[in-house]
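> Fold the following and give me the result.
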Amino acid sequence: MVRKFTVHLYYFGMLLAILGALGQSKELMAVGALAAAFGYGLRDYFSARPDSITPMTINALFLGVWMGLGHLIACFVVGTQYEETFYGYSVMDFLLEAQYLATLTVLVPLVSYRWFTRLNVGPRRLLLRVPTVAFEVSGGTLLIFCLAMFVFDWTSKLINIPLESLGVLAAFMSRSSEIAIFLLAWHWLGPSPTLPKWTRWVLYLGMAFDVGYSTMFSYMRGEIAYPLFTFFLAFLLRKAVSKRIVAIACVVIFVFASIYKVIGDTRGQGIRGSERIAIIIEQYLSNGSDVNQAREEEGGDSALMSLIARGCNFGQLSQVVHIADEEGYYDGKTLEYLSYAFIPRLIWPEKPLITPGQWFAEKIGHGTRLSETKFSNSINMSVAGEFYLNFGWIGAVSGLILMGFLYAIFWESADFYGKRNNPTGQGLGIAILLQAIGGTSAGALLHLIFLYLGMLAISRVLIIFASRKRAIRTPNIRPVVRSGITGG
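Okay, the predicted model is just below:
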């Protein structure tokens, strides 16, 4: 009954979004996108199949719902104290086009992903199939892998190791703690866990360190959310979300929203460490006091509204449409890095940095230039926005279809549910899922290809190592051949 309702909700949302697009109603498109994303995600969760949750499920439940809710609320805050929070650097003349792009961002990947996965079912596989990166390890090896990931992450943060030197694997290693947190939580939520009970405390310690360190020192506010997200993601993928977990998640979201706002308000002032913690505590202690009243009189907004507003992409999408309207489509100019991205920096040390977000922030005048190669801000154009800027509406739709295609083939190659302890495949899977919640950009899609290639190389090395180890353990026994005449 519940799943049937979610299916109807998904199709009803799609219908509302189409009617909103035809009627040029931003509100109706936002409601449609929100309903379709929510229905799609719940449909997958309540499916009888244990492997029904995919990157598009996460994309729908997080990015789709967040963006739909953000755009819907934005339609009703004009003229209130929250208008600046939701619109910021938006170009008001192009909000309708921005809503079109936002609606496409939510709906097109959901449709295309399911279409691509159906093409790959059955004996006649019509979709490209790439080599798998999955590799099964023992419980002991998994534990060693997780501990090594924790140690690497803690060490790199405490002594400030520049991960850029790792090249393709930099993104994977920069998320080493989050991957270890997920793998441990995933293992413990699975049937008949084999790891020692004390490893649960390793999981909690890893989360505490990650969240605490990011709260005190991180410039990017999302760093606080990643370890929490990967922990709760294990419950979602295992379909173990109970009322208790929902209640805990709601409390975490409320606390995170407050921390998120404080870091945003103090970012750029050099406030870090214990001083930042003191400000966060002060905000909680001063709840309802003269401090909060003064902030409200100055037009300040609530922490929760600030978090919801991050799901509203009116700012960057309207700016993208504005640039294209003034200068014309770029015909691939911002995608030039695709022509040299696959050249290793070891071969070409002077290879230009791939920073489309910094280029866009500077283009719209939202930040300051710090050096010849670095800008103070980076704004995500989103996949639809960057492809629209280069090739118009056809480009926006094509870019989102490409995203669905990459997610489909790489998720299959991870064999995420097929193996119990699969650090390489599940590591790639976590990278895909983390990317699926953020809207990302064309550059991030390219980076996903690099990450897949890196994980493929690691899995192949592990396979070779395991096969040689097996060969050493297994003696080469040859049958004894006796000469002579046998007879009866």
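> Do me a favour and average the pLDDT over whichever strand or helix holds residue 260.
Applying DSSP states H and E as the criterion places residue 260 in helix 243-266. In this model, helix 243-266 carries a mean pLDDT of 82.
> Now do the next helix or strand after that helix: everything it contacts.
Sequence order places helix 274-285 as the next helix or strand after helix 243-266, per DSSP H and E. Here helix 274-285 makes contact (CB atoms under 8 Å, 6 or more residues apart in numbering) with 215-216, 258-259, 262-263, 266, 271, 291. Every residue, glycine included, has its C-beta placed from N, CA and C.
> Kindly report the same for stretch 215-233.
58, 157, 175, 177-179, 181-182, 185, 203, 206-207, 210-211, 214, 245, 249, 252, 256, 259-260, 263-264, 267, 272-274, 276-277, 280, 430, 433-434, 437-438.
> Just the mean pLDDT for that stretch, thanks.
84.
> quick one: buried residues of it?
Judged by neighbour count (16 or more other CB atoms under 10 Å), stretch 215-233 contains these buried residues: 215-216, 218, 221, 223-233.
> Mind picking the two most distant members of those?
216 and 233 (24.0 Å; CB to CB).
> returning to what we had before: can I get the contacts of helix 274-285 in a markdown table with distance to residue 387?
Converted to a markdown table, the contacts of helix 274-285 look like this (distance: CB to CB, whole Å):
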| residue | distance to residue 387 |
| --- | --- |
| 215 | 35 |
| 216 | 38 |
| 258 | 36 |
| 259 | 34 |
| 262 | 35 |
| 263 | 31 |
| 266 | 35 |
| 271 | 38 |
| 291 | 45 |
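> Which among those residues count as buried?
Buried among these (16+ other CB under 10 Å): 215-216, 258-259, 262-263, 271.
> from these, which single one is nearest residue 5?
residue 258 (33.9 Å).
> any idea how far the closest one is from residue 27?
29 Å (CB to CB, to the nearest Å).
> Just to check, residue 206 is in contact with residue 183?
No: Residue 206 is not in contact with residue 183 according to CB atoms under 8 Å; the separation is 10.6 Å.
> Just flag the most distant two among the contacts of helix 274-285.
Maximum distance among the contacts of helix 274-285 (CB to CB): 21.8 Å, for 216 and 291.
> distance of residue 178 from residue 232?
Here the criterion is CB to CB. By it, residue 178 lies 12 Å from residue 232.
> If you could redo that for residue 399, that was the one I meant.
From residue 399 across to residue 232, the span is 29 Å (CB to CB).
> now residue 196
For residue 196 relative to residue 232 (CB to CB), the value is 23 Å.
> Contacts only, for residue 335.
Applying CB under 8 Å, 6+ apart, we find residue 335 in contact with 386, 390, 442.
> would you say it is within a helix?
Yes: counting by DSSP: H, G, I helix; E, B strand; the rest coil, residue 335 is part of a helix.
> Spatially nearest residue to residue 388 (excluding sequence neighbours)?
Spatially, and ignoring its direct neighbours in sequence, residue 388 is nearest to residue 396 (4.0 Å; CB to CB, 6 or more residues apart in numbering).
> What distance do you get for the one you found to residue 97?
10 Å.
> More neighbours: which of the two?
Using other CB atoms under 10 Å as the criterion, residue 396 and residue 97 rank with residue 396 on top: 26 against 19.
> so the more buried one is in which element?
helix 383-414.
> And the very next helix or strand once past that helix, what does it pack against?
Per DSSP H and E, the first helix or strand lying C-terminal to helix 383-414 is helix 423-436. Counting contacts by 3 or more CB pairs under 8 Å, 6 or more residues apart in numbering; DSSP states H and E, helix 423-436 packs against helix 55-58, helix 170-174, helix 176-189, helix 222-237, helix 383-414, helix 442-473.
> Helix 423-436: which residues count as buried?
Buried-residue list, helix 423-436, by 16+ other CB under 10 Å: 423-436.
> For those, work out which two are farthest apart.
Counting by CB to CB, the most remote pair of the buried residues of helix 423-436 is 423 and 436, 19.8 Å apart.
> ok, and what's touching the helix holding residue 260?
Here helix 243-266 makes contact (CB under 8 Å, 6+ apart) with 215, 218, 221, 224-225, 228, 232, 235, 276, 279-280, 283-284, 302-304, 306-307.
> for the residue nearest to residue 41 when sequence neighbours are not counted, what are its contacts?
Closest residue to residue 41 apart from its sequence neighbours, by CB to CB, 6+ apart: residue 61 at 3.6 Å. Contacts for residue 61 (CB under 8 Å, 6+ apart) come out as 37-38, 41-42, 45, 236.
> and if you look at residue 303?
Residue 303 neighbours (CB under 8 Å, 6+ apart): 257-258, 260-262.
> Redo the residues you listed as TSV? Include distance to residue 105.
Formatted as TSV, the contacts of residue 303 follow (distance: CB to CB, whole Å):
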residue	distance to residue 105
257	23
258	28
260	22
261	25
262	29
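> coming back round to it: residue 105: which of the buried residues of helix 423-436 is nearest?
residue 436 (11.9 Å).
> Isn't that closest one up against residue 64?
No: here residue 436 lies out of contact with residue 64, judged by CB under 8 Å, at a distance of 9.9 Å.
> which residues touch residue 306?
Listed by CB under 8 Å, 6+ apart, the contact set of residue 306 reads 85, 257, 260-261, 264.
> Kindly report the same for residue 399.
Residue 399 touches 383-384, 386-388, 442, counting by CB under 8 Å, 6+ apart.
> now that we have those residues, which one has the most neighbours?
Most surrounded of the contacts of residue 399: other CB under 10 Å gives residue 384, at 32 neighbours.
> Isn't that residue up against residue 400?
Yes: counting by CB under 8 Å, residue 384 touches residue 400, with 5.7 Å between them.
> okay, and the common contacts of the two?
When contacts are counted by CB under 8 Å, 6+ apart, residue 384 and residue 400 are jointly contacted by 104-105, 108.
> would you list these in JSON lines and tack on neighbour count?
JSON lines is the format used below for the shared contacts of residue 384 and residue 400 (neighbours: other CB atoms under 10 Å):
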{"residue": "104", "neighbour count": "22"}
{"residue": "105", "neighbour count": "25"}
{"residue": "108", "neighbour count": "20"}
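> out of those residues, who's nearest residue 5?
Closest to residue 5, out of all of these and judged by CB to CB, is residue 108, at 24.0 Å.
> quick one, what contacts that closest one?
Shown in contact with residue 108 (CB under 8 Å, 6+ apart): 384, 397, 400-401, 404.
> Of these - the most surrounded one?
When neighbours are taken as other CB under 10 Å, the top entry among the contacts of residue 108 is residue 384 (32 neighbours).
> quick one: contacts for that one?
Applying CB under 8 Å, 6+ apart, we find residue 384 in contact with 101-102, 104-105, 108, 317, 396, 399-400.
> Distance to residue 5 and pLDDT added to these, as TSV?
Below are the contacts of residue 384 laid out as TSV (distance: CB to CB, whole Å; pLDDT from 0 to 100):
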residue	distance to residue 5	pLDDT
101	29	96
102	25	95
104	26	96
105	25	94
108	24	95
317	31	94
396	31	94
399	32	92
400	27	93
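> how about JSON lines for these, with distance to residue 335 added?
Converted to JSON lines, the contacts of residue 384 look like this (distance: CB to CB, whole Å):
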{"residue": "101", "distance to residue 335": "17"}
{"residue": "102", "distance to residue 335": "21"}
{"residue": "104", "distance to residue 335": "18"}
{"residue": "105", "distance to residue 335": "18"}
{"residue": "108", "distance to residue 335": "19"}
{"residue": "317", "distance to residue 335": "18"}
{"residue": "396", "distance to residue 335": "13"}
{"residue": "399", "distance to residue 335": "10"}
{"residue": "400", "distance to residue 335": "15"}
